[in-house]
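K.L.:
please find the sequence and the predicted model below.
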Amino acid sequence: MPKNSLESELDNYDKKYGHRGALGNGALARAYIGSKLGCGTKMLRYIVMGLNAFFLVVGLIVIIVGAVALQINVVELVGKEFLIAVVFFGCFMFVLSLFGAFGAYFEKQIIVGVYVFVIGCMFLIFLIGCSWAISKRDETDDLVTSAWNNVDNNVKKSVQDHYECCGLTEYGVNAGVPCPSNATGTATGPCLDILVDAFNSSYEGLAIFGLVLSFVLLGNLVLGILLIRGFNKRDAGLVTDRDQTRSEYP
């Protein structure tokens, strides 16, 4: 007669932990039941797995966007080092999410613990970084000027063509050659104010994204801690049950 599901699970449990010989079938069954996660911890486990699956996809998208940006003119304007950092961040997010999903799926407390520690460090870094970035918002003019002075003529010309401007602080001065022509025949003026407005719009978007990501990391941190507590509770119950059954079945 084929074994029922409980008998099969008990066999698998005995192969993993080897307690049947020491405890007997009844004690083994109680130990097995005590080893199962509670309903709340199961929900936390699935939530952590789902969030990390989402961040796996986000990390992959960041890697692709950074890699594509390295191949086009934008690399000269924002800097190759910045785009490399973006790709590195995407790779880090991908690996960390894989790590967290693996730990939650296989119920590995040590792996989840390392994941929670890294998430906590990232939360502090993002929070400090966003605060610093917001404090530097008034220095946009200097950042744009420095970037403009460090790019070549092709990049300046590409920016001028896009925004229909010429030069930075004055029309035609420190410009990409040749200046663009719009529908009326000439560019509208210098580029500084236009670039500052565009930069500030992107800057605010990045700051908001950073703050949102910080709170998402905080949520992951809390969920990870709760999941570890669930694992600890499960393990503590298992140890108590083993001690009790050993006294009942010496």
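P.N.:
Received, thanks.

K.L.:
so what's the spatially closest residue to W148 that is not a sequence neighbour up against?
P.N.:
Among residues not flanking W148 along the chain, L168 sits closest, at 5.1 Å (C-beta to C-beta, 6 or more residues apart in numbering). Every residue, glycine included, has its C-beta placed from N, CA and C. Contacts for L168 (C-beta atoms under 8 Å, 6 or more residues apart in numbering) come out as V144, T145, W148, N174, A175, P190, C191, L192.

K.L.:
would you mind measuring from the third one to V155?
P.N.:
Summarising the geometry, the distance separating W148 from V155, computed by C-beta to C-beta, to the nearest Å, is 9 Å.

K.L.:
same deal with the second one?
P.N.:
Plainly put, T145 is 14 Å away from V155 if you go by C-beta to C-beta.

K.L.:
could you do the fourth one as well?
P.N.:
N174 sits at a distance of 13 Å from V155 (criterion: C-beta to C-beta).

K.L.:
before we move on, back to that, higher neighbour count, W148 and V155?
P.N.:
Remark: of W148 and V155, W148 carries more neighbours, 21 against 18, as counted by other C-beta atoms under 10 Å.

K.L.:
least confident secondary structure element in the protein?
P.N.:
Of all helical and strand segments in the chain, the minimum by mean pLDDT, DSSP states H and E falls on helix 20-35, at a mean of 50.

K.L.:
which strands and helices sit next to the very next helix or strand once past that helix?
P.N.:
Sequence-wise, the next helix or strand downstream of helix 20-35 (DSSP states H and E) is helix 39-69. In terms of contacts (3 or more C-beta pairs under 8 Å, 6 or more residues apart in numbering; DSSP states H and E), helix 39-69 is packed against helix 80-105, helix 192-248.
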